[in-house]
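Visitor: Build me a model from this:
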Amino acid sequence: MNNTDEQTAPGNVLFGDGAVGGIAIGRVFLQMSGGLGSAMRYQIGGDREIKKEVKRFEAAIVRVRRSFEGLRQTLKTAESQDPLLILQTHLELLEDPKINDETRRLIETERINAEWALQRVHDEIHAIFDKIEDEYIKARAEDVHHLCNRIQQELAGDPIRKQAAANHNSIVVTDILAPDLAIALCQLPVAGIVTESGSAMSHAAIIARTYSTPMVMGIPGLAELLNNGDELLIDGSDGSVTVAPSDEVLAQARRKQQDQAQRRQRFLEESSQQAITPDGFRVALNANIELPDEVPSAIRNGAESIGLYRTEYRLLTSNEVPDLGSLTDEYISVIRQLKGRTVTFRTIDLGGDKMPLNLNVPVGSNPALGLRGIRYSLRSPGLFRDQLRAILRASRLGPARILLPMVSDHGELVRARAIIDELTVEEQVEPLPVGVMIETPSSVMIADILACNADFFSIGSNDLIQYTLAVDRTDESVSYLYAPLHLSILRMLRDVSRIGHDAGIEVGVCGEIAGDPLFTLVLLGLQIDTLSMSPSGIPLIHAMIRRTPLEEARQLMQGVMALKDPDEVAKILQQQLRTRFSDLLGS
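Guide: Predicted coordinates:
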């Protein structure tokens with residue numbers, strides 16, 4: 001089908017999932033994956049041919065590894081380490097015995113070609129994953145799919161996959177987007193990316209966000225409706241894709257592009273000042289990061305502190321358990337770079353949707369409700385104590401805090417604090433503030449008790465919403481029920497804020513809603529003290545807070561709390577964004 005078809009008439013607008021905001025204008029560059037599902041299948045003859053086929057498979061693995069290693073070298077000095085971590089996961093998965101040994105076994109025992117053997121291994125792995133309802137496991141299944149597809153392409157003699165032909169004027173349209181290809185395309189860079197499948201939570205989307213490459217995902221069959229060279233306009237903010245836009249539409253889009261760039265620069269210039277409302281209420285805006293290399297980006301974007309340092313990332317992406325020395329060095333690196341700013345180290349949050357490559361963490365029949373967060377740490381005292389010692393030793397060089405994840409019972413907090421107090425004496429350092437993540441309904445209900453032994457609260461809104469509403473937002477069959485503005489969530493936020501302040505402790509939010517402009521007035525109206533988010537989100541939220549009197553936000557929240565329907569709440573907040581912040585948000 002070509003672009004003269006009724007479905008793709010000039011000016012026709014299609015909608016998908018806006019994964020990365022921003023406008024891109026360019027020419028279509030079709031980049032279909034091929035690979036899995038389309039591989040040839042044939043039997044192999046004698047032993048010599050079998051050995052030759054095994055060597056062909058092994059050579060493809062070597063070439064893929066070299067390609068990944070080459071990309072990894074380009075990422076070592078990147079501002080964000082997310083692409084590097086994702087690529088590292090794929091490099092380690094490339095060594096997985098299930099993929100390597102089982103494919104070789106099938107070639108040798110069933111005398112079939114490498115493509116066919118790899119396809120069967122892929123299908124067997126996915127059959128296992130399909131039986132597990134867990135967000136992280138599903139993501140791992142996607143990793144396996146992308147990796148097997150990449151090996152298939154190498155076997156087919158298509159190692160470069162033609163991305164070199166794309167350029168800064170290209171909008172790449174593809175069926176699926178593997179992380180390594182996403183890195184290569186974003187580094188070119190291309191103008192934008194549109195995919196037929198995938199979601200804003202995929203690894204490809206994370207990579208595109210790192211490079212600020214506009215992306216729209218989830219428009220099935222799109223590639224069949226387009227030709228190479230068609231002009232395309234995409235807007236990652238609303239998920240729209242316009243085929244052959246008119247001159248008038250293009251002119252409007254270019255004005256919007258320029259306006260976005262100018263506003264972004266204004267935000268950055270203003271973010272060096274404190275986020276204080278016109279009537280004097282101060283909100284500390286902090287950054288969520290995973291690695292020491294991300295500290296400079298956080299500071300450039302105006303972060304006052306590191307509100308959430310996710311210490312489990314090294315465990316999730318390495319084959320080795322870090323020892324006390326390496327943990328101490330890592331934490332010292334963070335503190336030194338902050339030069340007096342505070343860092344909040346969240347203790348290792350493993351289990352549930354985060355399964356390490358190097359530790360035997362029991363999954364259980366329902367990982368999201370199993371051994372995770374502080375539960376795992378208390379069951380693994382050796383690793384927990386090493387981590388706490390490292391934090392305490394690093395704190396000699398600058399201000400630090402300890403944050404305990406997934407606390408659902410007061411006894412967990414008491415046990416953890418006893419260990420921290422013991423190690424504080426042994427290390428002969430000043431006691432550090434110890435906080436609790438509020439991310440389960442039970443922790444909300446006993447917040448007054450937890451406040452007696454906690455120095456601060458940090459609300460993990462992602463898990464709190466999921467556990468309260470009993471909804472997995474990645475499950476398409478129930479994702480419509482995932483409502484962060486549900487009255488139950490708003491009431492929980494209100495109650496935790498009130499209880500914390502009555503106890504004289506700081507209350508912050510470190511989940512996704514902290515960096516979502518739609519929630520800024522809500523969180524300000526609830527007098528949340530700190531918001532911790534991705535560094536890139538800080539400048540806009542900072543500007544919004546400086547333009548909103550606290551009293552007006554409180555009055556707005558009183559009205560919102562009287563509503564019953566989350567959609568009504570969303571409409572009111574969207575209207576507030578349009579009327580109050582049109583100069584910040586543009587059209």
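Visitor: give me the element the residue nearest the centre of the chain is part of.
Guide: When Cα atoms, centre = their mean is applied to the chain, the residue found nearest the centroid is Ile206 (5.8 Å). Assigning secondary structure by DSSP states H and E places Ile206 in helix 203-210.
Visitor: Just checking: what are the partner strands of the next helix or strand after that helix?
Guide: Where DSSP H and E defines the elements, the next helix or strand beyond helix 203-210 is strand 215-217. Strand pairing for strand 215-217, determined by DSSP bridges: strand 17-20 (antiparallel), strand 192-195 (parallel).
Visitor: other SSEs contacting the helix or strand just after strand 215-217?
Guide: Using DSSP H and E, the helix or strand that follows strand 215-217 in sequence is strand 231-235. With contacts defined as 3 or more Cβ pairs under 8 Å, 6 or more residues apart in numbering; DSSP states H and E, the packing partners of strand 231-235 are strand 23-30, strand 170-174, strand 192-195, strand 215-217, strand 240-243, helix 247-270. Placement of C-beta: from N, CA and C, glycine included.
Visitor: one more time with 6 Å
Guide: strand 23-30 (3 or more Cβ pairs under 6 Å, 6 or more residues apart in numbering; DSSP states H and E).
Visitor: returning to what we had before: tell me which residues touch the residue nearest to the centre of the chain, please.
Guide: With contacts defined as Cβ atoms under 6 Å, 6 or more residues apart in numbering, Ile206 is in contact with Asp82.
Visitor: switch the cut-off to 10 Å
Guide: 19-20, 80, 82-83, 85-86, 179, 182, 200 (Cβ atoms under 10 Å, 6 or more residues apart in numbering).
Visitor: Roughly how far does the closest residue in space to Gly221 that isn't next to it in sequence sit from Val173?
Guide: Distances taken as Cβ to Cβ, 6 or more residues apart in numbering put Glu196 closest to Gly221, at 6.6 Å, once the chain neighbours are dropped. For Glu196, the distance to Val173 (Cβ to Cβ, to the nearest Å) stands at 8 Å.
Visitor: Which of the two has more residues huddled nearby?
Guide: Val173 (26 against 20; other Cβ atoms under 10 Å).
Visitor: got a list of what the more buried one touches?
Guide: 28-32, 192-196, 216, 219, 222-223, 225-226, 228, 230, 232, 234, 241.
Visitor: can you count the residues close to Ser497?
Guide: 22.
Visitor: backbone phi and psi for Leu94, please?
Guide: phi -60, psi -20 (degrees, to the nearest 10).
Visitor: I'd like the distance between the residue nearest to it when sequence neighbours are not counted and Lys51.
Guide: The shortest distance from Leu94 to any non-neighbouring residue, by Cβ to Cβ, 6+ apart, is to Arg65 (5.8 Å). Arg65 sits 21 Å away from Lys51, going by Cβ to Cβ.
Visitor: Same question for His501.
Guide: 72 Å.
Visitor: Can you name the residues that contact Lys55?
Guide: Ala114.
Visitor: pretty sure it belongs to a helix, no?
Guide: Yes: counting by DSSP: H, G, I helix; E, B strand; the rest coil, Lys55 falls inside a helix.
Visitor: Just the endpoints, please. Distance across stretch 199-206?
Guide: In stretch 199-206, first residue to last residue: 10 Å (Cα to Cα, to the nearest Å).
Visitor: Buried residues, that stretch. List them.
Guide: By neighbour count on 16 or more other Cβ atoms under 10 Å, the buried set for stretch 199-206 is 199-200, 202-206.
Visitor: would JSON lines of these with pLDDT be doable?
Guide: Listed next are these as JSON lines, based on pLDDT from 0 to 100:
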{"residue": "Ser199", "pLDDT": "77"}
{"residue": "Ala200", "pLDDT": "75"}
{"residue": "Ser202", "pLDDT": "77"}
{"residue": "His203", "pLDDT": "79"}
{"residue": "Ala204", "pLDDT": "84"}
{"residue": "Ala205", "pLDDT": "84"}
{"residue": "Ile206", "pLDDT": "79"}
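Visitor: wait, which of those is closest to Asp583?
Guide: Ala200 (26.8 Å; Cβ to Cβ).
Visitor: Give me the helix or strand of the protein that scores worst on average pLDDT.
Guide: When each helix and strand of the chain is scored by mean pLDDT, DSSP states H and E, helix 313-316 comes last, with a mean of 71.
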